[in-house]
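*Asks:* Sequence plus the predicted model coming up.
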Amino acid sequence: MQLGLDMWVPEQNEFWQELQVTWTKQTWADFDDPDQDRRDILDLLEASRAAGLRVILDVRPSPGLVAALLPLQTMVPKDEAGERALAEKTDALLARMIAGGARCAALCKDLVADFEWWGEFDCPCTGVGAIWPNKEVHYARYLGAVREGLKAVLPEARLWNGGYGVCFEDKFMGELAEHAGQLFDVANWHDYNVTEYWPRTDNDPKGTPLYATPISECVAHSARLHEEMYARNRALLDTLGAGQPYASSEWGIVSVRQEWVDMYRKAFHEHEMRTLPMWDPAESLAPGYQLEGQQDVSALGDEEAALFLDAWLAAREQAGFEVVNYHYLRDPDRSGLQGAVNGGCDLKFWGYFCGLQFSDGTPKATWDVLKRWAMKAKEAHTDAEVQ
């Protein structure tokens, strides 16, 4: 299993080199726009490859294309004329997507072989009832169109679905296998876990979390949940799909300073605080990060997070993941966080505190875990070349 780190930039190359990761992800925005200036992204792709990194290209539609697609997904024709009009509009937009995929492949065919189609299939933020209404039919069409365009120019291109799977909500993979099983090449997971650390009463997913459970048992419990999820979806992909390999273009574990969590936990147990600025007794955010318009943020302490990270990477390796691309290098500073809040973002979203470094650049305990796994992958690759 190879390791990557999201969003490489030349100015921070030293960290990728120190970690010894071999993958990253970059974004190809507005892929359907034929007039988009691609010089900057092509330079970045060339620099990424020169740094020894294999790139997953995150292919994203323009806002205009999304705005055109959404009404079609919910439109119900009243007669045959309406059906014909809908079919014509849909075919025109799919042709636009095929052309966009072909242009993308033509411009970066010597730099990239792995492409992710944006749009997390079942994410509440961009999926159910939102960016992909009636998604079971339409997302399959979009995957097929993008894949057709890519492979017309670059037959060896691999199309990754837009991942999901947060907190073990994995039904998206079964729906993909059923409706688009032959239309993507890599089964992509973005399976962040931000709540399911503890066993629950009566082993019921809706039961009360057993917060007093020793952390070693919590780690083992959550690792089993991952193993079971990957196993049941492997059976679906092998039956309904094309036996696609597992990978993750974006995944991380939310963590803050261990002493912050310990401080809040101690106050909770000593009844010095009536309520905690967190979701539960084992999660917290430092007081200095209480931002205007934001009540609290959920996270593990980084030393505890390191234990979970190690076990969850082992579960991925056992499941046959080809690549895990970690999200991301460094947590944003206070100004960056406040800017996100002012822009309407919810800091409970799992991406904001997944950094391997705190905002001041000091490493979290998770840094050493990822580095150890990356070194293991590199050594295995070297041994395979020798043999």
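*Replies:* Here it is on my side, so go on.

*Asks:* Would you map the helices across the stretch 251-387 of the chain?
*Replies:* With helices called from DSSP state H, counting those that start in this stretch, the stretch 251-387 of the chain shows them at 258-269, 302-318, 334-342, 365-386.

*Asks:* got any ranges where this protein has weak pLDDT?
*Replies:* Residue ranges of the chain with pLDDT under 70: 119, 121-133, 264-299, 337, 340-341, 343-351, 382-387.

*Asks:* Quick check: longest helix in it by residues?
*Replies:* Identified as the longest helix of the chain according to DSSP state H is helix 80-108.

*Asks:* Relative to the whole chain's centre, how far out is it?
*Replies:* Offset of helix 80-108 from its chain centre (C-alpha atoms, centre = their mean, to the nearest Å): 27 Å.

*Asks:* how near is the residue nearest to A47 when sequence neighbours are not counted to L53?
*Replies:* Nearest non-adjacent residue to A47, counting by C-beta to C-beta, 6 or more residues apart in numbering: P10, 5.4 Å away. Heads up, the C-betas are built off the backbone N, CA and C, glycines and all. Applying C-beta to C-beta, to the nearest Å, the value for P10 to L53 is 11 Å.

*Asks:* mind listing what S248 touches?
*Replies:* Each residue near S248 by C-beta atoms under 8 Å, 6 or more residues apart in numbering is listed here: G163, N188, W189, H190, D191, R316, F321, V323, V324, N325.

*Asks:* Wait, a strand at it?
*Replies:* Yes: membership of S248 in a strand is supported by DSSP: H, G, I helix; E, B strand; the rest coil.

*Asks:* gap between it and Y326?
*Replies:* 9 Å.

*Asks:* And for L300?
*Replies:* L300 is 16 Å from Y326, by C-beta to C-beta.

*Asks:* ok, now L57?
*Replies:* L57 sits 17 Å away from Y326, going by C-beta to C-beta.

*Asks:* I'd like the distance between W373 and A50.
*Replies:* For W373 relative to A50 (C-beta to C-beta), the value is 24 Å.

*Asks:* which one of those two has more residues nearby?
*Replies:* Higher neighbour count among W373 and A50: W373, with 24 against 10, using other C-beta atoms under 10 Å.

*Asks:* who's in contact with the more buried one?
*Replies:* So W373 contacts M1, L3, D310, L313 (C-beta under 8 Å, 6+ apart).

*Asks:* Against V153, how distant is the spatially closest residue to the first one that is not a sequence neighbour?
*Replies:* Spatially, and ignoring its direct neighbours in sequence, M1 is nearest to E317 (4.5 Å; C-beta to C-beta, 6+ apart). Remark: distance between E317 and V153 (C-beta to C-beta) = 33 Å.

*Asks:* same question, A212
*Replies:* Distance of A212 to V153, given as C-beta to C-beta: 57 Å.

*Asks:* Pick out whichever of those two has more residues nearby.
*Replies:* V153 (15 against 8).

*Asks:* Spatially, what comes nearest to that one if we skip its sequence neighbours?
*Replies:* A105 (3.9 Å).

*Asks:* Please look at that neighbour and E148 and confirm they touch.
*Replies:* No: counting by C-beta atoms under 8 Å, A105 stays clear of E148, with 10.7 Å between them.

*Asks:* So these two - more neighbours on which side?
*Replies:* With neighbours defined as other C-beta under 10 Å, A105 and E148 compare such that A105 has more, 23 against 17.

*Asks:* Please, where are all the helices along the stretch 1-150 of the chain?
*Replies:* Assigned by DSSP H, counting those that start in this stretch, the stretch 1-150 of the chain shows helices spanning 13-19, 39-50, 63-74, 80-108, 135-153.

*Asks:* Of those helices, which is nearest M263?
*Replies:* Checking the helices of the stretch 1-150 of the chain against M263 by C-beta to C-beta gives helix 13-19 as the closest, at 28.7 Å.

*Asks:* got the CA positions of that closest one in PDB?
*Replies:* In PDB, the C-alpha atoms belonging to helix 13-19 read as follows (Å, rounded to 0.1, in the frame of the first residue of the first chain):
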ATOM      1  CA  ASN A  13       8.400  19.900  -0.900                       C
ATOM      2  CA  GLU A  14      10.800  19.200   2.000                       C
ATOM      3  CA  PHE A  15       7.900  17.800   4.000                       C
ATOM      4  CA  TRP A  16       6.900  15.300   1.300                       C
ATOM      5  CA  GLN A  17      10.500  14.300   1.000                       C
ATOM      6  CA  GLU A  18      10.900  13.800   4.800                       C
ATOM      7  CA  LEU A  19       7.700  11.700   4.900                       C
END
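
*Asks:* tell me how far it is from the chain's mean position?
*Replies:* 21 Å.

*Asks:* Other residues contacting that helix?
*Replies:* 3, 5, 8, 24, 51, 53, 329, 356-357, 367, 370-371, 374.

*Asks:* can you check stretch 141-160 too?
*Replies:* If you take C-beta under 8 Å, 6+ apart as the criterion, stretch 141-160 is touched by 56, 59, 69, 90, 94-95, 97-106, 109, 113-117, 119, 161, 180, 183-186, 188, 247, 249.

*Asks:* Quick one, which of the residues you listed are buried?
*Replies:* Among these, those buried by neighbour count (16 or more other C-beta atoms under 10 Å) are 56, 59, 69, 90, 94, 97-105, 113-117, 119, 161, 180, 183-186, 188, 247, 249.

*Asks:* OK, contacts around G174?
*Replies:* G174 sits next to N233, L236, L240 when contact means C-beta under 8 Å, 6+ apart.

*Asks:* measure the second one to E178 for me?
*Replies:* Read it as L236. Distance from L236 to E178, by C-beta to C-beta: 8 Å.

*Asks:* ditto for the last one
*Replies:* According to C-beta to C-beta, L240 and E178 sit 5 Å apart.

*Asks:* swap in C104?
*Replies:* C104 is 27 Å from E178, by C-beta to C-beta.

*Asks:* cool, and L143?
*Replies:* 13 Å.

*Asks:* Comparing these two, which shows the higher neighbour count?
*Replies:* Remark: of L143 and E178, L143 carries more neighbours, 24 against 14, as counted by other C-beta under 10 Å.
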